[in-house]
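Trainee: sequence first, then the predicted structure:
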Amino acid sequence: MGQEEPDLYRDTWVRYLGYANEVGESFRPLVPVPLVWASYGVATAYVTADAIDKGRKAAAAHPQDPTRVGVAVVDTFVWQSLASVAIPGFTINRLCAASLALLGALTRWPLPVRRWSTTALGLAAIPLIITPIDR
């Protein structure tokens, strides 16, 4: 049996582009909001490219079955949108918002320290959130 070609969107560094919005959400306390939205643009481009790639592969494997191609594209787009963008992005957003609020209520740390601490927490949480999803 031949060795299967690695999936660019699952088996290489490219897959981390799907998590760009988590980095954006982690930095939300420190950067202008348009930069956060730009990180969602990168993640959405990744999701779209992966869906197109899976559609092309389905078309090559089943050239006479456009339904399989459509299912492959929609399934990939929906799954990746949830698993790479929506769920982790929402989770990091809420974690960072709660962290910033709690640090403001419970400490006398200056605002820049609270913002950097929140960002560090958000970045540290990314692997904890994405690892179970990737599995």
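Mentor: Sure thing, it's come through.

Trainee: excluding its backbone neighbours, what's nearest residue 28?
Mentor: Once flanking residues are discounted, residue 28 sits nearest to residue 36: 5.1 Å by C-beta to C-beta, 6 or more residues apart in numbering. All C-beta atoms are positioned from the backbone trio N, CA, C, and that covers glycine.

Trainee: packing partners of the helix or strand containing residue 90?
Mentor: Using DSSP states H and E, residue 90 sits in helix 87-106. Where contact means 3 or more C-beta pairs under 8 Å, 6 or more residues apart in numbering; DSSP states H and E, helix 87-106 is packed against helix 20-26, helix 111-134.

Trainee: buried ones in the helix-or-strand element of the chain with minimal mean pLDDT?
Mentor: Least confident helix or strand of the chain, by mean pLDDT, DSSP states H and E, is helix 8-11 with a mean of 88. Using 16 or more other C-beta atoms under 10 Å as the test for burial, helix 8-11 gives residue 9.

Trainee: same check on stretch 25-36?
Mentor: 25, 26, 27, 28, 29, 36.

Trainee: roughly how far apart are residue 128 and residue 98?
Mentor: Relative to residue 98, residue 128 is positioned 15 Å away (C-beta to C-beta, to the nearest Å).

Trainee: quick one, what contacts the residue nearest to residue 103 when sequence neighbours are not counted?
Mentor: Once flanking residues are discounted, residue 103 sits nearest to residue 114: 4.3 Å by C-beta to C-beta, 6+ apart. Residue 114 makes contact with 29, 100, 103, 104, 107, according to C-beta atoms under 8 Å, 6 or more residues apart in numbering.

Trainee: all set now, cheers.
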